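Enquirer: Got a sequence here, can you model it:
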Amino acid sequence: MQGHQRAGAVPGLISGTLLAPRAAFEKVGGFDPGLWFADAADWFLRAEAKGLRVARLPEVLHFHRMHGSNITRRRFEDSKHEFLGLARRKLRAQSANGTPTGPSPEVDGG
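Expert: Below is the predicted model:
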């Protein structure tokens, strides 16, 4: 997949590099077993909603091998549907709470 737009470093929040105290999981809950693709995104959104602070480090901590047989490529429609559902739920919750729907402030490491 050389030359692909995602062949380089992609900043983001993933469960593979998550380091959180037990209290964070007690406050937020665990990962939703009903989600296959968006489980980490769902957890981070719930953590944000509970007031937990998130920091991203500038270093690359996780490498993911991209190839034509990745499950997210083979099941693209399922992945898209799951992430769109997550985005809709977040927007509905923000609308119900009167919260602005723009990007939320983040604490970046560095």
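Enquirer: contacting residues around the residue lying closest to residue 41 once chain neighbours are set aside?
Expert: With CB to CB, 6 or more residues apart in numbering as the criterion, residue 41 has its nearest non-adjacent residue at 5.9 Å, and that residue is residue 86. Just so you know, the C-beta spots here come from the backbone N, C-alpha and C atoms, and that holds for glycine as well. By CB atoms under 8 Å, 6 or more residues apart in numbering, the residues touching residue 86 are 35, 38, 41-42, 45.
Enquirer: Kindly report the same for residue 42.
Expert: For residue 42, the contacting residues are 31-32, 35, 86, taking CB under 8 Å, 6+ apart as the criterion.
Enquirer: Can I get the buried part of the contacts of residue 86 as one ChimeraX selection?
Expert: Selection of the buried residues among those in ChimeraX, burial being defined by 16 or more other CB atoms under 10 Å:
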select :35,38,41,42,45
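Enquirer: Which of the contacts of residue 86 fall in helices?
Expert: Among these, the members falling in helices are 41-42, 45 (criterion: DSSP state H).
Enquirer: Out of the residues you listed, which is nearest to residue 59?
Expert: Closest to residue 59 out of the ones in helices among the contacts of residue 86 is residue 41 (21.3 Å), distances taken as CB to CB.
Enquirer: so what pLDDT did the closest one get?
Expert: Residue 41 is assigned a predicted lDDT (pLDDT) of 90.
Enquirer: got the contact list for it?
Expert: Under the criterion of CB under 8 Å, 6+ apart, the contact list for residue 41 reads 13, 83, 86.
Enquirer: Restricted to helices, list the residues you listed.
Expert: Using DSSP H, the members of the contacts of residue 41 that fall within helices are 83, 86.
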